[in-house]
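**Q** sequence isn't available, so here's the structure alone:
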Ligand SMILES: [Zn+2]
C-alpha cells in the first residue's frame, strides 16, 4: 500500500547512519556526505544521511541493474511444461521488491521496506514486485 503524503514527508527526512547501510560503497559515501545526527534505526549518534538520499541511490541502482522479467514462459519453457515426464514447473523469475532492495544495498529488512515505501510513493506504480537482477555492466 502506498504511504500518505505526510508519511512520505516524514520518512524522507528520517536519518540513517552509515553504519546501518551495509553496502560498503554507499556507507562510505554516507560517511563522507553525512552530518552528525542520531540515527533513526540504531539510535547511535554518528554520521547520518536522510533516507531520501538512500532512496535516490537505490533507485539509480535499480535503473542500472534491474529490468523486468518476462511475465510468461518462453517457448522452451512451454515445451518443458507440456512434457508430462518432467517435473519442471515454471515460475516467474524475480524477487520481492523489499528483498531486492535489501540485496542491492545490503540493508536490514525494516530499512529496505522504508526505502521501498519512498520509491512507491514517488512512482505510485513502482511495480517491481517481480524483478530480475542482471549483472551490472562495468566499464574496463
Ligand atoms: Zn544507524
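**A** Nice, I can see it. Quantities reported herein were computed from a predicted structural model and do not represent experimental measurements. Residues are numbered from 1 along each chain as shown.

**Q** can you name the element that comes right after the lengthiest strand in the chain?
**A** When the chain is parsed with DSSP state E, its longest strand is strand 45-50. Scanning forward in sequence from strand 45-50 by DSSP states H and E, the next helix or strand is helix 51-65.

**Q** just the angle between the longest strand of the chain and helix 51-65, please?
**A** If you take axes from the mean of the first three to the mean of the last three Cα atoms, to 10 degrees, strand 45-50 sits at 60 degrees to helix 51-65.

**Q** what is the rounded mean pLDDT of strand 45-50?
**A** Average pLDDT, strand 45-50: 98.

**Q** surely residue 112 is in contact with residue 119?
**A** No: counting by Cβ atoms under 8 Å, residue 112 sits too far from residue 119 to count as a contact (10.5 Å). Yep, even glycine has a C-beta here, placed from its N, CA and C like the rest.

**Q** who has more neighbours, the two?
**A** Applying other Cβ atoms under 10 Å to residue 112 and residue 119 shows that residue 112 carries more neighbours, namely 23 against 18.

**Q** the residue of the chain positioned farthest from its centre: what secondary structure?
**A** Relative to the centre of the chain, and counting by Cα atoms, centre = their mean, the farthest-placed residue is residue 85 at 38.5 Å. Assigned with DSSP: H, G, I helix; E, B strand; the rest coil, residue 85 falls in the coil class.

**Q** ok, it to residue 59 distance?
**A** 45 Å (Cβ to Cβ, to the nearest Å).

**Q** with residue 117 instead?
**A** 13 Å.

**Q** who has more neighbours, these two?
**A** residue 117 (21 against 17).

**Q** what pLDDT, on average, does the host helix or strand of the more buried one get?
**A** According to DSSP H and E, residue 117 maps onto helix 109-123. Across helix 109-123, the average pLDDT comes to 89.

**Q** which ones are touching the closest residue to residue 105 other than its chain neighbours?
**A** Spatially, and ignoring its direct neighbours in sequence, residue 105 is nearest to residue 23 (4.5 Å; Cβ to Cβ, 6 or more residues apart in numbering). By Cβ atoms under 8 Å, 6 or more residues apart in numbering, the contact set of residue 23 is 104, 105, 106, 107.
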